[in-house]
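**Q** Predicted model, plus sequence, below.
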Amino acid sequence: MKVYNILALLPSTVLASNVLSVAFFAKEKSQLYDFISTNYELDYGCRPVVMAVGNEHKLHAIVPEEQLYRLKRSLDPDIVRVETIHNLNKRQTNTAPIGKGDRFKGGTIAPRGLGTRKATEYSEFQSAGILNADEVYAAMKGLEKEYGLTLFTPPHKTFEGNEIIGGVANKAEKIKKDKQYIYFTSGIHARERGGPDNLIYFISDLLYANKNRIGLRYGNKTYSNKEVKQALGAGIVFIPMTNPDGVRHDQANSNLWRKNRNPSSARPNEPLSVGVDLNRNFDFLWNFTKHFDSSVSPASTNASSQAFYGTAPFSEPETQNMAWIYDEYPNIRWFIDVHSAAGTLLYSWGDDIDQSHDPKQNLFNPDYDGKRGIVEDNIYKEYIDQEDWDNIAFQANRTTAVMISVGGRDYVPQQAVGLYPTSGASDDYAFSRWHQSKKVNKVYGYTMEFGYPTNFYPTSAEFIQNILDTNAGFMEFILTADEIGLKD
Ligand SMILES: [Zn+2]
């Protein structure tokens with residue numbers, strides 16, 4: 001009798017088993033650090049993010065039910081206890097729908113955001129649902145037709161032959177490539193639904209408000225028409241969906257797909273071994289087994305892992321496209337890669353704790369290879385100039401304060417390494433470029449994690465709230481960037 005691999009036979013529209021969204025709790029951060037160290041292959045979302053709750057610390061993850069039983073047996077509940085938040089299979093029936101058809105009619109209709117509408121009109125967005133991948137392209141064409149938004153296509157097509165679409169929003173009629181200072185991307189992790197919507201509706205708001213000489217309102221936060229013009233004057237380059245193959249796959253199968261769809265490292269009968277985690281593929285300490293302490297796993301060499309780093313730094317067309325922007329628009333100064341779901345704004349560095357006293361402890365110094373990434377030790381901490389540190393933290397505090405004031409939920413500004421390091425991430429790559437070569441512009445890189453922990457598929461109400469929260473955050477981010485400085 002032939003024995004079949006049961007997992008491989010399941011239709012991909014069904015999650016292989018009951019998948020649970022859980023939270024691990026411990027008194028001390030270090031106890032959760034120890035937990036991750038022995039359970040580094042769990043799905044912690046974009047990266048493990050630890051939050052303080054009361055007198056405890058909390059860490060979210062997604063775990064198949066049978067794996068949770070095994071985990072529970074290995075845990076001492078007096079040290080680390082686990083709570084199930086919800087069953088993701090059941091929750092999926094309750095999440096915001098993916099849009100059907102094309103609400104922008106091939107780009108003959110332009111999208112219009114929430115910030116230029118009354119709250120009573122938000123229900124239209126709920127019923128129309130999350131933009132499907134085709135609608136992302138149509139929305140961009142609609143903005144081009146209605147407002148003359150400049151569109152561009154980065155040079156590299158994806159494995160499945162999709163082109164990436166980007167736009168440049170500015171006050172000027174004619175776009176000068178050296179006058180763009182802001183760079184936003186989204187959709188790198190396919191399952192983080194609503195990311196592309198957040199960016200497209202925000203740009204739509206700016207263009208509509210500029211044309212009609214009005215301001216913006218996001219919940220309790222308002223901006224004047226003068227501030228709209230100030231934001232557009234900063235020059236915004238954006239790519240709403242950097243990983244279209246992954247987004248199409250996730251939208252078609254609802255299987256929490258995170259990576260791209262490159263099969264070059266895939267193994268037979270292992271559907272999860274398709275794809276690269278694009279946010280571990282950037283040229284930032286990519287070769288982690290060399291650069292980091294052997295006890296930490298800032299990415300994975302296992303093709304079936306959610307954090308698989310690829311075959312080389314920038315091995316993927318999607319990450320090459322994101323880096324190409326820095327050559328094309330050489331004065332970009334401020335960058336956000338939009339992710340979900342955690343409720344935080346992360347700033348550099350992500351490989352180890354920041355320090356500003358010893359420039360020799362830096363990511364390019366081979367003397368520290370094999371020593372990076374342990375956040376609780378004093379052997380290595382990542383160097384950052386004090387003025388840069390002040391600037392990036394000030395920006396994160398200002399932006400999150402406004403996201404909170406919208407009235408939806410809490411957002412925490414914090415250093416990206418948090419509890420546990422990452423390698424090859426887009427935000428660190430952005431900031432590291434200038435540290436490698438002073439000939440290129442210095443870019444302050446951020447990761448915005450909108451939404452609620454592990455709710456990659458938001459409910460309709462959360463989908464709307466995420467747009468309001470992030471759009472106020474984008475606006476504040478640009479105005480604060482203008483205040484700190486768009487140039488050196
Ligand atoms: Zn992510």
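**A** Now that the structure is in, tell me what you want to look at. Numbers count the residues shown, from 1 in each chain.

**Q** Is the residue of the stretch 201-350 of the chain found nearest the ion in a helix, a strand, or coil?
**A** Nearest to the ion in the stretch 201-350 of the chain, going by Cβ to the ion, is residue 339, at a distance of 3.3 Å. From N, CA and C alone the C-beta is placed, and that goes for glycine too. Following DSSP: H, G, I helix; E, B strand; the rest coil, residue 339 is assigned to strand.

**Q** looking at it, it is touching residue 446, isn't it?
**A** No - here residue 339 does not reach residue 446: they are 10.3 Å apart, not a contact under Cβ atoms under 8 Å.

**Q** what's the spacing between stretch 244-255 and its chain's center?
**A** Centroid displacement of stretch 244-255 relative to its chain, using Cα atoms, centre = their mean, to the nearest Å, is 16 Å.

**Q** And for it, what's in contact with it?
**A** With contact meaning Cβ atoms under 8 Å, 6 or more residues apart in numbering, stretch 244-255 is reached by 12-13, 15, 92, 98, 132-133, 136, 158-160, 162, 164, 187, 189-191, 193, 196, 241, 256-261, 275, 457.

**Q** Return it as CSV; C-alpha atoms alone will do.
**A** In CSV, the C-alpha atoms belonging to stretch 244-255 read as follows (Å, rounded to 0.1, in the frame of the first residue of the first chain):
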residue,chain,number,x,y,z
PRO,A,244,2.2,40.5,-5.7
ASP,A,245,2.8,36.8,-6.2
GLY,A,246,2.4,36.2,-2.5
VAL,A,247,-0.6,38.4,-2.2
ARG,A,248,-2.4,36.7,-5.1
HIS,A,249,-1.6,33.3,-3.5
ASP,A,250,-2.8,34.4,0.0
GLN,A,251,-6.0,35.9,-1.4
ALA,A,252,-6.8,32.8,-3.5
ASN,A,253,-6.2,30.3,-0.7
SER,A,254,-6.6,32.1,2.6
ASN,A,255,-3.7,30.1,4.0
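
**Q** Go through it and flag the buried ones.
**A** Buried residues in stretch 244-255, counted by 16 or more other Cβ atoms under 10 Å: 244, 245, 246, 247, 248, 249, 250, 251, 254, 255.

**Q** give me the element the third one is part of.
**A** Element membership of residue 246 [criterion: DSSP states H and E] is helix 244-253.

**Q** That helix near the ion at all?
**A** No - Helix 244-253 does not reach the ion (Cβ under 5 Å from the ion); its nearest approach is 10.9 Å.

**Q** average pLDDT for that helix?
**A** Per-residue pLDDT over helix 244-253 has a mean of 97.

**Q** Please list the residues of the stretch 51-200 of the chain that sit near the ion.
**A** Going by Cβ under 5 Å from the ion, the residues of the stretch 51-200 of the chain near the ion are residue 189.

**Q** just the strands in the stretch 51-200 of the chain please.
**A** 56-64, 81-87, 150-152, 166-169, 182-186 (DSSP state E, counting those that start in this stretch).

**Q** ranking those by burial, who's on top?
**A** Mean neighbours per residue, mean count of other Cβ atoms under 10 Å, is largest over the strands of the stretch 51-200 of the chain for strand 182-186, with a mean of 26.

**Q** And that strand, how far out from the chain middle?
**A** With Cα atoms, centre = their mean, you get 10 Å for strand 182-186.

**Q** what sits against the residue in the stretch 151-300 of the chain that the ion sits nearest to?
**A** For the stretch 151-300 of the chain, the residue closest to the ion is residue 189, as judged by Cβ to the ion, at 3.4 Å. Shown in contact with residue 189 (Cβ under 8 Å, 6+ apart): 46, 195, 243, 246, 258, 277, 278, 279, 339.

**Q** Out of those, give me the two with the largest separation.
**A** Across the contacts of residue 189, no pair lies farther apart than 195 and 277, at 15.6 Å, counting by Cβ to Cβ.

**Q** between these two, who's got more neighbours?
**A** residue 195 (33 against 23; other Cβ atoms under 10 Å).

**Q** any idea how far the more buried one lies from residue 330?
**A** In this view, residue 195 and residue 330 are 26 Å apart by Cβ to Cβ, to the nearest Å.

**Q** How about whatever residue of the stretch 351-488 of the chain ends up closest to the ion: what's its closest non-neighbour residue?
**A** Residue nearest to the ion within the stretch 351-488 of the chain (Cβ to the ion): residue 449, separated by 7.3 Å. Setting aside the residues directly before and after it, residue 449 is nearest to residue 342 in space (Cβ to Cβ, 6 or more residues apart in numbering), at 3.7 Å.

**Q** Could I get the phi/psi values of that neighbour?
**A** phi -150, psi -40 (degrees, to the nearest 10).

**Q** my guess is it contacts residue 455, does it?
**A** No - using Cβ under 8 Å, residue 342 makes no contact with residue 455, being 9.6 Å away.

**Q** And the buried ones among the contacts of stretch 244-255, selectable in PyMOL?
**A** Only the buried members of those enter the following PyMOL selection, criterion being 16+ other Cβ under 10 Å:
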select buried, resi 15+98+132+133+136+158+159+162+164+187+189+190+191+193+196+241+256+257+258+259+260+261+275+457
